[in-house]
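Novice: Sequence and computational prediction follow.
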Amino acid sequence: MFFRHADNYPYSFFCYTALYRWQSTRFSGMQMIIYMFFSVMQMLIFMAAYALNL
């Protein structure tokens, strides 16, 4: 569906996987909570951008 914005998604998924691997050694719990919040906000922004471009 909104994966037509193919130029945006690989970057965000790459950042998610890279930071997920990185947090296993260096992130504290609070940093992981903050990162999860911002990743959810990023997904909502992409969905809103898709909806506005309909």
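Specialist: Nice, I can see it. Numbers count the residues shown, from 1 in each chain.
Novice: buried stuff in the helix or strand containing Ile45?
Specialist: Secondary structure from DSSP states H and E places Ile45 in helix 29-52. With burial defined by 16 or more other C-beta atoms under 10 Å, the residues of helix 29-52 counted as buried are Tyr35, Ser39, Phe46. Where you see a C-beta, it was placed from the backbone N, CA and C, and this is true even at glycine.
Novice: same question for that helix, mean pLDDT?
Specialist: The pLDDT scores in helix 29-52 average 82.
Novice: and it, what does it pack onto?
Specialist: Packed against helix 29-52 by the contact rule (3 or more C-beta pairs under 8 Å, 6 or more residues apart in numbering; DSSP states H and E) you find helix 9-23.
Novice: now the helix it packs on: mean pLDDT?
Specialist: 59.
Novice: export the buried residues of helix 29-52 to TSV and tack on distance to Leu52?
Specialist: Converted to TSV, these look like this (distance: C-beta to C-beta, whole Å):
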residue	distance to Leu52
Tyr35	26
Ser39	21
Phe46	11
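Novice: from these, which is closest to Gly29?
Specialist: Tyr35 (10.8 Å; C-beta to C-beta).
Novice: Next, find the distance separating that closest one from Ala49.
Specialist: 21 Å (C-beta to C-beta, to the nearest Å).
Novice: separation between Phe37 and Met30?
Specialist: 11 Å.
Novice: ignore the last one, Met36
Specialist: Distance of Met36 to Met30, computed by C-beta to C-beta: 11 Å.
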